[in-house]
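K.L.:
Sequence and predicted model, in that order:
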Amino acid sequence: MRRRQRRILVRRIILCGICVMLPIIIVRGCIIANSGKDEEEARGKGPLVTVYDDSQKSTFTVNMEDYLVGVIAAEMPASFDIEALKAQAVAARTYTARRLKEYGGSGCATGCDICTDSGCCQAWTNPAGFAGTDKYDKICEAVYSTAGEVAVYDGELIEALFHSTAGGYTENSENVFSTALPYLKSVYSDETSAPRYESTVTISRSQFARKLNSAFDCELTADSVDSKVSVSQRYDSGRVQMLSAGGKTVTGREFRSLFGLDSTNITIEFGKDDVRIHTRGFGHGVGMSQTGADAKAKEGSSYIEILKYYYTGISLERYW
Ligand SMILES: [Zn+2]
């Protein structure tokens, strides 16, 4: 009898143990399972970003820092100085964070936080395509060593616009995007050795006249273009604000788009049979010049100095 009672007692103790321990094991298991996201944030991976992949016509979700590795690879040559790449990482992180619904942003037109179309948001390339290379390591260093750092002005995330090459001076935001922002002001950018500092588009006189006539109905002929087409107004940066074409007014941006030019810093040279359109710089010219950032880094500037140079009056903060 005694032995039987002892067996029952042991069974009850084991059963009680299971009843007490099982919920603890289950709850602890859930905590461990759920802590993945917390741990990622603690390691500085940042908020989740929903991205519309324009080339695949699909959507994916990824944490901010891993997303930025693909952005930097697509937006700046990995051969650039590490400080320039870090500046690019902070600019791209700020640009993205400003669009996140989590930070009060309104996302992009696709309905996602951001898309991979550089004409709409930011370019992106899948990091799996260059994983394990020196390029991957260098870009990861630029992104993860600045993890969570963003640029702010007056306590708000800035519109961190950037472009390839300023061609001398960057541009005031209101001269390109109509909105004046105090941190997007024209500054000198030393980058004469940049590959696209200067370029030329050559076109026949008759083609030049035909293109302008079809876009602006300005009745030009091959013989009259040199007397009837001229730059009428420039911004202080040297970029063209207005041109006159057969009495019609054409903006510098319209002219750039019509002839597929690198920038609106335009000089027109009329030859006997052709027209040579010279440009300086590459891109809209607002915010940070990427080749200017690289030139500054090679002269010894840190990424913080580069960002503060191109974005007037900003400071850096850590968001995660
Ligand atoms: Zn977009």
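P.N.:
Yep, it's here.
K.L.:
The closest residue to residue 181 other than its chain neighbours and residue 166: what is the separation?
P.N.:
Distance criterion Cβ to Cβ, 6 or more residues apart in numbering; nearest residue to residue 181, sequence neighbours excluded, is residue 173 at 4.7 Å. To be clear about C-beta, it is placed using only N, CA and C from the backbone, and glycine gets the same treatment. Separation of residue 173 from residue 166 (Cβ to Cβ, to the nearest Å): 13 Å.
K.L.:
Check what pLDDT the closest residue to residue 169 other than its chain neighbours gets.
P.N.:
Distances taken as Cβ to Cβ, 6+ apart place residue 237 nearest to residue 169, at 4.0 Å, with adjacent residues excluded. Looking at residue 237, its pLDDT reads 97.
K.L.:
Residue 237: neighbour count?
P.N.:
22 (other Cβ atoms under 10 Å).
K.L.:
Look up how far residue 185 lies from it.
P.N.:
Distance from residue 237 to residue 185, by Cβ to Cβ: 10 Å.
K.L.:
what sits in contact with each of those two?
P.N.:
Listed contacts common to residue 237 and residue 185 are 170, 172; contacts here mean Cβ atoms under 8 Å, 6 or more residues apart in numbering.
K.L.:
Now do the SS call for residue 292.
P.N.:
helix (DSSP: H, G, I helix; E, B strand; the rest coil).
K.L.:
so residue 179 sits right up against residue 286, yeah?
P.N.:
No - counting by Cβ atoms under 8 Å, residue 179 sits too far from residue 286 to count as a contact (10.4 Å).
K.L.:
And those two? Which one has more around it.
P.N.:
More crowded of residue 179 and residue 286, by other Cβ under 10 Å: residue 286, with 24 against 9.
K.L.:
Dihedrals phi and psi, that one?
P.N.:
phi -90, psi 140 (degrees, to the nearest 10).
K.L.:
Stretch 67-81: which residues count as buried?
P.N.:
67-76, 78, 80-81 (16 or more other Cβ atoms under 10 Å).
K.L.:
could those go into JSON lines alongside pLDDT, distance to residue 119 and secondary structure?
P.N.:
Listed next are those as JSON lines, based on pLDDT from 0 to 100; distance: Cβ to Cβ, whole Å; DSSP: H, G, I helix; E, B strand; the rest coil:
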{"residue": "67", "pLDDT": "97", "distance to residue 119": "19", "secondary structure": "helix"}
{"residue": "68", "pLDDT": "98", "distance to residue 119": "19", "secondary structure": "helix"}
{"residue": "69", "pLDDT": "98", "distance to residue 119": "22", "secondary structure": "helix"}
{"residue": "70", "pLDDT": "98", "distance to residue 119": "17", "secondary structure": "helix"}
{"residue": "71", "pLDDT": "98", "distance to residue 119": "15", "secondary structure": "helix"}
{"residue": "72", "pLDDT": "98", "distance to residue 119": "18", "secondary structure": "helix"}
{"residue": "73", "pLDDT": "98", "distance to residue 119": "18", "secondary structure": "helix"}
{"residue": "74", "pLDDT": "98", "distance to residue 119": "13", "secondary structure": "helix"}
{"residue": "75", "pLDDT": "97", "distance to residue 119": "13", "secondary structure": "helix"}
{"residue": "76", "pLDDT": "97", "distance to residue 119": "17", "secondary structure": "coil"}
{"residue": "78", "pLDDT": "97", "distance to residue 119": "23", "secondary structure": "coil"}
{"residue": "80", "pLDDT": "98", "distance to residue 119": "22", "secondary structure": "coil"}
{"residue": "81", "pLDDT": "98", "distance to residue 119": "27", "secondary structure": "coil"}
